[in-house]
Structure formats: C-alpha cells, structure tokens
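Asker: Below are the sequence and a predicted model; questions follow.
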Amino acid sequence: MQGKAWYKYLLSLPPMAYLLIFFAAPTFLMFFATFRYAGEYGGLAPWYLHEGGRLTLDLTLENWQRLLETDIYLRLFLKSIGYAVTTTLLCMIMGYPLALMIARSGHKNRDLLLLLVILPFWSNFLVRIYAWMIIFSPAGALTRMLNGALELVGAGPVTLMYSPTAMLVCLVYVHLPFMVLPLYANLEKHDLDLLDAAQDLGAGKWRRFWLITWPLSLSGITAGSILVFIPVLGMFAIPDLLGGTNGIMIGNVIKQQFMESRDWPFGSVLSMVLTVTAVAVVLLGSRLGRRREGR
Amino acid sequence: MEITALLEIVDVSRHFDDFVALDKVSLHIEAGEFFTLLGPSGCGKTTLLRLLAGFDQPDGGDILLDGKSITSAPPEQRPLHTIFQNYALFPHMTVAENIGFPLRMAGCPKKDIQARVAEALENVRLPDKARHYPDALSGGQKQRIAIARALVNRPRLLLLDEPLSALDAKLREQMQIELINLQKDIGITFIYVTHDQGEALALSHRIAVMDQGRIVQVDVPERLYGFPNSRFVADFIGKCNLLEGYVREQQGDCVTVDLDGLGMVHVCRSETKCVAGSRCALTLRPEKIRLAATVSPKEDESLFRGSVHDMLYLGDVTVYIVSLANGLLLEALLANSASGRTNFFEVGDSVEVAWSCDAGHLVLD
C-alpha cells in the first residue's frame, strides 16, 4: 500500500515541478515586483543598494499607493468586470440552447455540430478579429445594410466600428466555444430517463427543464462561465482593435504599463489585482455550483 | 351494465421502419391485478410499456383506461406512473424532495406534501432517509424510494420496467416478496415487465407471454406452466422436454401419440381436439419424470430405457440428462433429499425413465 502512494507522488512530480517553475515562481516574482522601483530606462530597479559596503533593501509601497490615489483604476476594473459579466451572460444565453441541441441530437449530427463549434479555432485569433473589423467597417456590407434600413425609417446613420457593441459582439464570438464545450460535456452525460421520470410524474416541458436539466447542468455552467469570464477580464487585443478610445479595459492598461510606459512595478500591481479578482471569481463560482447541486 | 376492465389494450401496433415491434396486441387488465408482460428481449414488452406510459405513440389501435381512450394523452397527464429500470431518482434532490415531486407537480400545498412524504417513507420502512441524497442509498433502498415516489399520489396503475434486474439474487428475492405484499396492501394494479420467467411466475396473478411483437398466451402462472399452448411458451417458461411426434387417435381426453423414435404413449390431459395424423409435441417437465435404475412402471405409465449422458449437481437437486435409445436427450430431476446421499448415478449408468399419462401436455402445430 505504501509503495502505491509513493508511486502517486512520483507521477505528480513533473507537473508539480512545472507549475512551481512556470506558475508559482513567476507569480511570486511579480508580487515581489510590486514593491520595487521602476528602472531608469524601464524594467525594474535593483531591490538592494550598496551603501558603504553594506547591503540595504530598496523597496517601496508607492506602487500600491498609486493604485488607490485615484478611482480611475477602480473604474477600469469595474468596467472590465462589467464587460466580462455581460459577455459571460450572453455566451450562456446563446451557448446553452446550442449545447443542449448538440447534446440531444443523433450521434452522427453531434460530431458534425461539435466540429462546427470548434472550427473557428482553426484560424488565428487575430485574423478573426481583423475579419470582424472588415465586417464592422463603415464601408462594410453590414454597416451599409443597417444604415440603409435605418434611413428608410428616418433614423440617422450609426457606426459599428469602435463601439462597445462591436467589442461585445467580438468578445462573445471569440469566447462562445469556451461556454458551449463544457456545457455540452455536461449535458451529454445527463440520464435521459430522469426527464422521462419527471414527465411520468407530471412535469411539463418547462418544469422538466427548470427542475431537472438546469440544476443538473450547474457544474457545466460554472465551468463554462469561468472559462469565459477570466480571459475576457484580462482581454486587451479586442479592445485595442475594436474598442476605439472609450473601449479601453484593464488588460490594455496592464499591457501599456509593461510595453509602452515601461513601468513594470505598477503593471505588476494591476496584474496582481486582476489575478486575485479572477481567483476570487473562480472560488465563488465553484462554491455556488456545488451548493446548488446539493453536495 | 357491462363491467369494463381497468385497462384495455385494443389492437395496438407499433412499427419501427420495417421492424414490427408490436403486432395488433390486445389485452384486458383488471383493477387490482398484478399483471406481467413476459418475453425474451426484443419481444415488444418494453415497447408496449412505453406506449402505456405515453412516451411513444402506437401506429394503430387504442388504449383505454376506465373505458376512456388515453392514447393521445401525454405522459404527464396519465394517471399512471413508471418504475424505471435504473430507478431514475433525481440525484440533485433529497429523498423527501424526490418523493414529493409528483405532489409538487400536482400543485399540492406544502404541508400536505410533507405529511404524505413522511407517510410514504414510513410505508417503505425508510423514515430516517428523508434528508439523504440518492447517492447515499443502497440499490434496494433506491428501489423502495422509487416505488414510494411512484405511489405517493395514488396512480391508477403502476408500470414496472424490469425493476429488480439491477439487484443481486438474494436482494431480488427479498424485493419480490416486498412487491407482492405491497401490491396486496395498496391494491393498485401493477403491470410488470420482465424477461425472467421465474420472477414472473413468483409475482404475477396473470402473465402475458410475448414473442416477436405478439401475445402468445395469457394465463395464470400455474396454467402457463402446466398447459403451455405452444412450443415457445413450453420452452420459455421453466425447463421442459419437448418430444416430437404425431397424433394417432383421440378417445375422450385421452390421445395416443406416436413419438418419433420412441413409439406409442398415452397422453390423458389434452383439452383440445386433435386431428389424427397431425404433428404435435409432448411437453414434459423434468420434475414429472420418474428416474431410477429400474422403474417398476404403474399401469398408466410409459417406460423407456437409456443411460446417463450428463449431470448437473445443483445442491438441492441433481439434473440428469438421459440419453434414450434413439439418441434423444431427456432431462430429469432427482431431489437430493435423502440424508447422506449426493448422487444416485454416474455418467454412463444405465437407467430407466417413466412418466404417467397425465404428466405431459400436448402442443399441437
């Protein structure tokens, strides 16, 4: 018995080492960086000083103070959370019926439909965003058709490009598979006898869904929501390309700190807050999912 | 006034593409009956049950409950419930919530639900399991909760789809006794589907034997076992020797049969008219055959010689396969009831078999 346990530890050693080196250590380094000064030409200043042959620590809290001095970062965080929540909800509303339809269709169609869901992954993320830019552009077919229709009812022309709408459409488009796939994996495993039993015991169509299918799929909804919420929270590419001047999210600011401003310590502060927010959401989500499933 | 059956199935058919799952099936089921649909897999018994529950629609025919057609009613509106093979308890609900589900669907007030759930749990002797989740229950307990859930709002009819097949042999026998008693106590009509002929004989008031989408025979267990109407029923219910032959002559209820390779025997249990010269089979249950080294035959017995071809020691009895003169194999039983005795014969021993003229039953082609 003890030999078996020993094997288990041995097997988990490589992934543990990997996570330690490439996840835990960098996270700690980044946390440490939040207390350091920025380097003169960007990057980080040394964290110790040579003073007359003695080593002294050269750390500061001013990066954290800067975060709290103004409410602009708080508002950016809230705005990003708002986008993430909206995207997650939209993905759920659109993804749930899709996942349910795929899970309940015949084996042959099921594979084809799943393939169609995964198909966008075959082309590059940025390429797909550029494709949306063409669709949204003022000279694009979509905008012209929309404005043509609006003109008929006497409404003014609208711009789709560089608007929150364009951003949301793209965010949902990119993240929809991350909602559909875990939901499908969950729904596909449901015992259909339970629905028959519920119907047999007097439940109509809606009650069968809300009392059986929905509560049993909560873990799938939680998994899908986490997979959508977290990447959207830190998203910078879509706001960069489609968001225009008002579309900036916290991910863009973090990117700016590291790339343009070269202020690594403050970028680290913002990153840490983002990471903690994401972890909090995951914990909350999984707890909610578990409680509703009655375990 | 004409007394109508509780449930009438009239000429019900169901086809799946070219496959005929049910072919003009008609049945009458009385109130308070424990009725079993018995047959091998693919005989249409589960299809029929799904039609009764409403999960499927017949291609022809009608289903009447209390004289009114329910054929087009959806399952949620039929006053009957199903026990599923895997129990189909809702895993995210407690035992109490599971049992309360049909009451909740019917719009019962919360207080009533609580009281009736408690009563139902009392009836299946699991009063302390109300707050448990189905995961925490054993197979037998799940079974009882499923029954409690199906009975809590007093359906007119309970449909049971091989409900004991997931249990081990010991527990199954115990649950069989519980089912019989439960049905007797509450008086609700049970329609029970099984492929296990032993279970059907043990539980049912009446059994319908099905084969290839048709009802072959409907009768009480004793008559089904003693007077099968076809080779299929004789073979499917219990163990049976089938001896082929043809009818020589009939005098009253006594028929003289010429068995292939064995010669003349008298069968004095025939109820049907036989035409001389027609093919028939004598169905002979192993326990009706006398087996000994030398049988001194009584007046009404037929005697044949053979040797032990194979034997199966089953503990309480030993099954001997006796090879008769013409190579025909006959199965006979000897009870191992005598103290200190295990086997009476060995393979190769020469033996004699005999049966009386009312031991077997004739099946006509």
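Answerer: Ah, there it is. The shown structure was predicted, so the numbers you read here are calculated from the model rather than taken from an experiment. Numbers count the residues shown, from 1 in each chain, chains lettered A, B, ... in the order given.

Asker: which helix is the longest one in the chain?
Answerer: All of this is about chain A. helix A:72-104 (DSSP state H).

Asker: wrong one, I was asking about chain B
Answerer: Under DSSP H, chain B gives helix B:169-186 as its longest helix.

Asker: What residues of stretch A:45-63 count as buried?
Answerer: Residues of stretch A:45-63 classed as buried: A:Asn63 (neighbour count, 16 or more other Cβ atoms under 10 Å in any protein chain shown). Every C-beta, even on glycine, is put in place using the N, C-alpha and C of the backbone.

Asker: Just the C-alpha atoms of the longest helix of chain B, please, in PDB.
Answerer: Provided in PDB are the C-alpha atoms of helix B:169-186 (Å, rounded to 0.1, in the frame of the first residue of the first chain):
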ATOM      1  CA  ALA B 169     -30.000 -12.600  -6.400                       C
ATOM      2  CA  LYS B 170     -30.600 -12.500  -2.600                       C
ATOM      3  CA  LEU B 171     -31.900  -9.000  -2.600                       C
ATOM      4  CA  ARG B 172     -34.100  -9.700  -5.600                       C
ATOM      5  CA  GLU B 173     -35.900 -12.400  -3.900                       C
ATOM      6  CA  GLN B 174     -36.500 -10.200  -0.800                       C
ATOM      7  CA  MET B 175     -37.800  -7.400  -3.000                       C
ATOM      8  CA  GLN B 176     -40.100  -9.800  -4.800                       C
ATOM      9  CA  ILE B 177     -41.700 -10.700  -1.500                       C
ATOM     10  CA  GLU B 178     -41.900  -7.000  -0.700                       C
ATOM     11  CA  LEU B 179     -43.500  -6.200  -4.000                       C
ATOM     12  CA  ILE B 180     -46.200  -8.900  -3.600                       C
ATOM     13  CA  ASN B 181     -47.100  -7.700  -0.200                       C
ATOM     14  CA  LEU B 182     -47.100  -4.000  -1.200                       C
ATOM     15  CA  GLN B 183     -49.300  -4.700  -4.100                       C
ATOM     16  CA  LYS B 184     -51.700  -6.700  -1.900                       C
ATOM     17  CA  ASP B 185     -51.800  -3.900   0.700                       C
ATOM     18  CA  ILE B 186     -52.400  -0.900  -1.500                       C
END
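
Asker: where's that helix relative to the chain centroid, distance-wise?
Answerer: 15 Å (Cα atoms, centre = their mean, to the nearest Å).

Asker: residues in contact with whatever helix or strand comes next after that helix?
Answerer: Proceeding N to C from helix B:169-186, the next assigned helix or strand is strand B:189-194, under DSSP states H and E. Strand B:189-194 has contacts (Cβ atoms under 8 Å, 6 or more residues apart in numbering or on different chains) with B:6-7, B:29-38, B:45-46, B:48-49, B:52, B:156-165, B:179, B:183, B:200, B:203-204.

Asker: Let's see which of those end up in strands.
Answerer: B:7, B:29, B:34-38, B:157-161 (DSSP state E).

Asker: hmm, which two among these are most spread apart?
Answerer: B:Leu38 and B:Leu157 (18.0 Å; Cβ to Cβ).

Asker: So which of those two has more stuff around it?
Answerer: Using other Cβ atoms under 10 Å in any protein chain shown as the criterion, B:Leu38 and B:Leu157 rank with B:Leu38 on top: 28 against 22.

Asker: Bridge partners for that one, pull those for me.
Answerer: B:Thr194, B:Val209 (DSSP bridges).

Asker: Can you give me every residue that contacts it?
Answerer: Contacts of B:Leu38 by Cβ under 8 Å, 6+ apart are B:45, B:194-195, B:197, B:200, B:207-210, B:236-237.

Asker: for the stretch 251-365 of chain B, what spans make up the helices?
Answerer: Ranges of helices in the stretch 251-365 of chain B, per DSSP state H, counting those that start in this stretch: none exist.

Asker: In it, which residue sits closest to chain A?
Answerer: B:Leu314 (36.4 Å; Cβ to the nearest Cβ).

Asker: same question, the stretch 151-300 of chain B
Answerer: Counting by Cβ to the nearest Cβ, the stretch 151-300 of chain B gets nearest chain A through B:Asn153, at 7.9 Å.

Asker: Does that residue belong to a helix, a strand or coil?
Answerer: coil (DSSP: H, G, I helix; E, B strand; the rest coil).

Asker: which stretch of helix or strand covers the nearest residue to it once chain neighbours are set aside?
Answerer: Distances taken as Cβ to Cβ, 6 or more residues apart in numbering or on different chains place B:Pro102 nearest to B:Asn153, at 4.7 Å, with adjacent residues excluded. Taking DSSP H and E as the definition, B:Pro102 sits inside helix B:95-105.

Asker: from the ones in strands among the contacts of strand B:189-194, which single one is nearest B:Cys280?
Answerer: When those are compared against B:Cys280 (criterion: Cβ to Cβ), the nearest one is B:Leu38, at 24.1 Å.

Asker: where's that closest one relative to B:His92, distance?
Answerer: Separation of B:Leu38 from B:His92 (Cβ to Cβ, to the nearest Å): 35 Å.

Asker: could you measure A:Leu29 against B:Asp168, distance?
Answerer: For A:Leu29, the distance to B:Asp168 - Cβ to Cβ - is 59 Å.

Asker: for A:Leu19, same thing?
Answerer: Taking Cβ to Cβ, one finds A:Leu19 at 45 Å from B:Asp168.

Asker: Kindly report the residues of the stretch 151-295 of chain A close to chain B.
Answerer: Contact residues (Cβ under 8 Å from any Cβ of the partner chain) of the stretch 151-295 of chain A with chain B: A:191, A:193-194, A:196-204, A:207, A:211-212, A:215-216, A:293-295.

Asker: before we move on, the earlier item: tell me which other helices or strands the longest helix of chain B touches.
Answerer: Packing partners of helix B:169-186 (3 or more Cβ pairs under 8 Å, 6 or more residues apart in numbering or on different chains; DSSP states H and E): helix B:139-151, helix B:197-203.

Asker: So which residues on the stretch 1-150 of chain B come close to chain A?
Answerer: Close to chain A, as judged by Cβ under 8 Å from any Cβ, the stretch 1-150 of chain B has residues B:53-55, B:74-77, B:81-82, B:84-86, B:88, B:90-94, B:101-102, B:105-106, B:133, B:149-150.

Asker: Counting neighbours, which of these end up buried?
Answerer: Buried among the residues of the stretch 1-150 of chain B next to chain A by 16+ other Cβ under 10 Å: B:53-54, B:75-76, B:81-82, B:84-86, B:88, B:90-94, B:101-102, B:105, B:133, B:149-150.

Asker: if you look at the residues you listed, which of them are in helices?
Answerer: B:53, B:101-102, B:105, B:149-150.

Asker: Dump those residues into TSV; add pLDDT and distance to B:Ser69 as well.
Answerer: Formatted as TSV, these follow (pLDDT from 0 to 100; distance: Cβ to Cβ, whole Å):
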residue	pLDDT	distance to B:Ser69
B:Ala53	95	15
B:Phe101	97	27
B:Pro102	96	23
B:Met105	95	23
B:Arg149	96	27
B:Ala150	95	23
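
Asker: Good, wrapping up.
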